[in-house]
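Q: structure for the following, please:
(chains A and B)
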Amino acid sequence: MSFPVIKGARYTLAHVPDILLYHGTTQSVDRKKNPNSDYLKKLPGHLRSFEDAVAYPPNQVYIGNLLPDDLNNIPKPWYENRVRDASRYGKFGEIIPEDEFYGLMKIADTFELVYLERGFTEELKARFKDNELLSEKEIARLSSGSDIDEIDRLVKEHIAEPLFLAGKLVGCVKRAHDIDENLSAHVILENLATKASSIITLKKLIKDLDIEAGEIDYIIETSEEACGDMNQRGGGNFAKAIGEIAGCINATGCDIRGFCAGPTHGLINAAALVETGIFKNVVVLGGGAVAKLGMNGKDHVAKGMPALEDVLGGFAVLVSQNDGKNPVIRTDLIGKHNVGSGSSPQAVMQAIVADPLEKAGLKIPDVDKFSVEMQTPEITEPAGAGNVPLANYKMIAALAVKRGELDRQEMPDFVEKHGMPGFAPTQGHVPSGVPFIGFAKDMILEGRIKRAMIIGKGSLFLGRMTNLFDGVSFIMEPNTGKVEDKAGISKEEIKTMIAEALRELAQKLQ
Amino acid sequence: MTQDVKTIIGEIFNEIADGLEKGRYGEKVRIGITTIGSEHGIEEVVRGAEMAASNMVGLDVVLIGPSPGTELEAINPGDCERDIHSEMERLLDEGYIHGCVTMHYNFPLGVSTVGRVITPGRGREMIISTTTGASSSHRAEGMVRNAIYGIAVAKALGKKEPTLGILNVDGAKQVERVLNRLKEGGYPINFATSVRKDGGCVMRGNDLLAGVPDVMVMDTLTGNLMMKIFSAFTTGGSYEALGYGYGPGIGKGFNRIIGIISRASGAPVIANAIKFMAEMKKGNLLDIKEKEISLAEKAGLERLLKELKEETAGGTAEVKVPPKKPVTEEITGIDILELDNAVRLLWKEGIYAETGMGCAGPVILTAPEDNERARLILRDYIGK
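A: Okay, here's the model as predicted:
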C-alpha cells in the first residue's frame, strides 16, 4: 500500500465589499433590529478599495506571493503597510474584484435565479474575454442580461436580494420558492456565492496542475453552507454542482460537514479513497462564506480600522495516487479527537497532535511546521478573541514541555520556528489548516522542511446537537521516491517457497 | 509476477550464493555505534565494536563518530555529540543501519530500556526490565508496562513462554495483582516461582543471584542499580566487564532499535550490546512488542491501570464542579495556559462552565444566564 500524495493546492479570494455591507449577518441582523444604527451609517466609510485588499499583506500570502513567515518582517498594523505594486495574481491563485465575482455567480447559476443588468453584462463579457480560466461556453452563460426596472421591481417586492456595486444596483438574486425559507433569496445568494468561489478555485487548480478536468473522478466539498429545501434542509451536493460547471464530466462527489474541521476531514477521506484505489484523483475544496463577511465589523469600525473581513476565501486541493515525487499524506498517522477524549484544550491537542506522533515514535519538535487555525491576528484581536494561531502554538509548545520533549525556555523559539503568523480570512473552514498546504508542498519539495502537520478543529456546540469539540490532523512528508507495489507476498513467504522448490529439486536428483 | 516480487527473489538467490561461498547464510544485519563519550576512551569503543564484528556471523558494525585505526566501516560527522546523534538517527530512519548502540539518548516519555545481565549464581542470563527512562510517572503502572516490555525482549531472543518474576520492591504486590487480572483477561504470562520455600512470583535476593526468572520486573531506578552491580561487581564499578548493557528502548509506537550502554562499559559489554541489538533485529523485536502491547490492551490493560492509579492517587483537593447544564455562551481572549485556572475559579463561584478549543482559539463556555457574572469574575483573565 503506498501513500497518496498532495499534487497541489490553489487558493482564491473574492473582494466583495457590497456583499459584506448588504448580506453579512452582523450587518443584516443590525439592519433588522434598527435600520439606522450608528454602525450601519459608519460602515460604508470603512470599506476598502480593491487595490487596498490586493495589497493587504496577508492576502498576498494567501495567494502565494509571500511566505507566511515574511509577515514577521512587515510592521504592524498590516492594513497600513501595503505591499508595493502588489498583483491580484499569485503563485497559488488570485484575488477577484466584486464585478467579476457577480459574473461568476451568474455563470454558476443553473436555475436562472441571478439577474444582471444588461449593460453590466456586456461589460463583463468584454472583461472575461481574456480571462484564461473561463471558456467561451462559460462566458456565454452570462446570457444577455435583464432590465434594471425588472431587477428593481423584484428587489422592491422582496422577491430578490439586491446586488450592488459601489452602491449602484447592478443585479439581484431571486428566491427559488415563495414560502420555503431554505430556498429564500438570501440562502440562494449565500449558496451561489460559495459555489462560484469554489468553481473559480477548482478551474485554477485544473489549469495550473495540467490535469484534464475529465481525469478528476471525485470531488469533496467542505464549506459550512447547507443546500436543500424544507423537506431536506441539508440535502446537499455542492460538490457535483461545482464539478458540473468546471467541466469534470467523469466526477461525482459529496459534501462533508464538520464545522471548521470539514476540510481536514475531507482530505483524510480523499486520502483513503485514493490509497485504496477506489478513485485516482480526488479534489477537496471549499468556497467562501457570505455570512461571515464583516463578522467583527463593529469592533473594526469602533477602533477606526477598515472592515478587514471583506473577502470570500476559496481553496482546492488535489489528492492523487503516489507519483514518487509529491509529498505524501501519512495515512497511518491520522490524529483524531474522539468522543471520549475530553474537551479541554490539553485533551484536544493530546488527541490530534501527540497521539499520532507517538504512534510513529516521533516527538512534537520533529514536526517542522504546524498549520492550525490561521486567522489573521489583526482581524480577531480587536474583537477580543486574541491571536488564534499563537494560542494554538502555545498550547502545542506547552504539551511538548509537559512530555519532556522541549525545555520551558525554548517555548518562544518553538512557537516562532514551528508556527507562523496567521494570514487567512475569518471564513470558518477556510483558515482551518488548509491555507498552508500549498506552501508545505513546495517547502517539502525544496527540502526546506521535512514534516508538516495540518490540523482542523471545530466548535460543534454552535449547532446545538452536541457540546463536544472536534479535531482531526494528518502529516505531510517527503515522498520516498519508490512506489511500493501492492505485493502482498512477504519476503518470508517467498523464502519458504524457494526452500521447498530446492528440496523438491534435490529429491529429483537423488 | 510483479517487479517487486522478482527483485525479492533476486535478493534471496544472492543470499543463497553468499551462503554457499562464505559458508554462512542469513540476512546481513548492520548495527551502528556512537564512538565518543566513553570514560575508557574511543579505542575501548572501537575494540568492543571489532570484537562484536568478528565473533557474530552476518553482522556488520558501523562506527559513528571519530574512530581512529579501524578497518570497520566508519562515518565521522565530527566530534559534536548532537551531530553524531542526528547522523545515527538519519542512518536508522533510512534503514542503512537496523539498530544502534549509544551512551546517552533522551527517549520520548513512556519509553524505557530493557537490560540483560549474566547472573553470578550459575551464569544464567536474565532480563532486567527496565533499566533507564520511564514507562510512566506512576511507579506501579510503570512496573506493569515494564513486565510487557521485558516479555517482548525475551520473546525476541527466542524464548517462547518466558518466565516472569516481580522483584520484591515497593509496589510489587499491586503489580502482581494487576498482572494476574491481565492474565485472566487473556494476556498470557508464565509466572516464575521463587527458590524460597514460600514460592510465589515475587522474587527475593536469592532469585536475583540465581537468575531464576527469564524476566525480572522492577522499577527503573532499581533496574539501573542492578545493571551496575551485575556488570561490574568484579571490577569495583569503574569498568563494566559483564553482561549486555542497559538494552533497547521500548514503548508503544516507538519504532527504533536503540540500545544504551554506560560511559563505564568496557569492550566486552560494548560487544555484547551490539550483538544484543543484532539479535533484537533478527528476532523482530519491533513487531513482537507492538503485538504484546495490543494483546495486553485487549486484555484490559488501560482500564486496570486507570483503576490502579485511582486507588493510589490521593489527588489534590479537587474543586467541586457545579451541576452540569447546557453551555452556549463563549468567553474568548483568555490566555490558553490560564484556561484551567479560570474555569476552576468559576466552579468555585458555583458557575458551571467548560473549556474548549474550537475553531476560534481557546474558549470558556457558560450558560447564557451566567455569562455576565462569569465575565466579571474573570475580568483580569480576559486579555484587554
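Q: pull out the buried residues from whichever strand in chain B runs longest.
A: The residue-count maximum for a strand in chain B (DSSP state E) belongs to strand B:125-133. For strand B:125-133, a neighbour-count test (16 or more other Cβ atoms under 10 Å in any protein chain shown) marks B:126-133 as buried. The way it works is simple: take the backbone N, C-alpha and C, and place the C-beta from them, glycine included.
Q: now the helix or strand that it is followed by: how far from the chain's centre is it?
A: Heading C-terminal from strand B:125-133, the first helix or strand you meet, by DSSP states H and E, is helix B:139-156. Centre-to-centre, helix B:139-156 and its host chain are 9 Å apart (Cα atoms, centre = their mean, to the nearest Å).
Q: by how many degrees do helix B:139-156 and strand B:125-133 diverge?
A: Helix B:139-156 and strand B:125-133 are oriented at 130 degrees to each other (axes from the mean of the first three to the mean of the last three Cα atoms, to 10 degrees).
Q: report the next helix or strand after helix B:139-156 in sequence order.
A: Sequence order places strand B:163-167 as the next helix or strand after helix B:139-156, per DSSP H and E.
Q: quick check: the residue of chain B nearest chain A.
A: B:Gly358 (2.5 Å; Cβ to the nearest Cβ).
Q: who are the contact partners of the closest residue to that residue other than its chain neighbours?
A: Distances taken as Cβ to Cβ, 6 or more residues apart in numbering or on different chains place A:Ser459 nearest to B:Gly358, at 2.5 Å, with adjacent residues excluded. Counting by Cβ atoms under 8 Å, 6 or more residues apart in numbering or on different chains, A:Ser459 touches A:259-260, A:469, B:356, B:358-360, B:363.
Q: next, count neighbours for residue 92.
A: Since you didn't name a chain, this refers to chain A. Residues near A:Phe92, counting by other Cβ atoms under 10 Å in any protein chain shown, number 25.
Q: wrong one, chain B
A: B:Leu92, neighbours per other Cβ under 10 Å, totals 18.
Q: which helix or strand contains it?
A: Going by DSSP H and E, B:Leu92 is in helix B:81-93.
Q: buried set for the helix ranked longest in chain B?
A: For chain B, the longest helix by residue count, based on DSSP state H, is helix B:3-22. Neighbour-count burial for helix B:3-22 flags B:8-9, B:12, B:15 (criterion: 16+ other Cβ under 10 Å).
Q: can you put these in CSV and add distance to chain A and pLDDT?
A: Formatted as CSV, these follow (distance: Cβ to the nearest Cβ, whole Å; pLDDT from 0 to 100):
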residue, distance to chain A, pLDDT
B:Ile8, 5, 80
B:Ile9, 6, 84
B:Ile12, 6, 82
B:Glu15, 9, 76
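Q: how about A:Tyr11, phi and psi?
A: phi -140, psi 140 (degrees, to the nearest 10).
Q: which residues touch it?
A: Counting by Cβ under 8 Å, 6+ apart, A:Tyr11 has contacts A:62-64, A:90, A:92-93, A:201, A:313-316, A:435, A:438.
Q: how deep is the closest residue to it other than its chain neighbours tucked in, by neighbour count?
A: Once flanking residues are discounted, A:Tyr11 sits nearest to A:Gly93: 4.1 Å by Cβ to Cβ, 6+ apart. Neighbour count of A:Gly93, defined by other Cβ under 10 Å: 27.
Q: where does the chain dip in pLDDT?
A: Since you didn't name a chain, this refers to chain A. Within chain A, the segments meeting pLDDT under 70 span A:1, A:483-489.
Q: not quite, I wanted chain B
A: B:1-3, B:22-26, B:310-318, B:383-384.
Q: what segments of it are helices?
A: Counting by DSSP H, chain B has helices at residues B:3-22, B:42-55, B:81-93, B:139-156, B:172-184, B:205-210, B:220-232, B:267-282, B:285-298, B:301-312, B:339-348, B:368-377.
Q: go on, the stretch 201-350 of chain A?
A: Under the criterion DSSP state H, counting those that start in this stretch, helices of the stretch 201-350 of chain A are mapped to A:238-246, A:262-275, A:297-302, A:345-349.
Q: which single residue of the stretch 401-510 of chain A ends up nearest chain B?
A: Counting by Cβ to the nearest Cβ, the stretch 401-510 of chain A gets nearest chain B through A:Ser459, at 2.5 Å.
Q: what is the neighbour count of the nearest residue to B:Ala342 once chain neighbours are set aside?
A: Distances taken as Cβ to Cβ, 6+ apart place B:Tyr381 nearest to B:Ala342, at 4.7 Å, with adjacent residues excluded. B:Tyr381 has 18 neighbours, counted by other Cβ under 10 Å.
Q: give me the buried positions along whichever strand or helix holds A:Glu190.
A: Here A:Glu190 sits within helix A:185-208, counting by DSSP H and E. Under the neighbour-count criterion of 16+ other Cβ under 10 Å, helix A:185-208 has A:185-206, A:208 buried.
Q: rewinding a little: and the longest helix of chain B, what does it pack onto?
A: Applying 3 or more Cβ pairs under 8 Å, 6 or more residues apart in numbering or on different chains; DSSP states H and E, one finds that helix B:3-22 makes contact with helix A:491-509.
Q: what ranges does chain A have for its strands?
A: With DSSP E as the criterion, chain A has strands at A:5-15, A:93-96, A:114-116, A:160-165, A:168-174, A:218-221, A:252-255, A:281-286, A:311-320, A:328-329, A:335-336, A:369-371, A:452-459, A:469-477.
Q: relative to its centroid, which residue of chain B is most remote?
A: For chain B, the residue at maximal distance from the C-alpha centroid (Cα atoms, centre = their mean) is B:Glu369, at 50.5 Å.
Q: OK, contacts around that residue?
A: By Cβ under 8 Å, 6+ apart, B:Glu369 has no neighbours at all.
Q: swap in A:Ile352?
A: Counted by Cβ under 8 Å, 6+ apart, A:Ile352 has contacts A:335-337, A:455, A:457, A:471-473.
Q: still on that earlier bit, can you pull the contacts of the residue nearest to B:Ala342?
A: B:334-335, B:338, B:341-342, B:345.
Q: contact partners of stretch A:221-234?
A: A:177, A:180-183, A:190-191, A:194, A:198, A:235-239, A:241-242, A:253-260, A:262-263, A:265-266, A:284-289, A:428-429.
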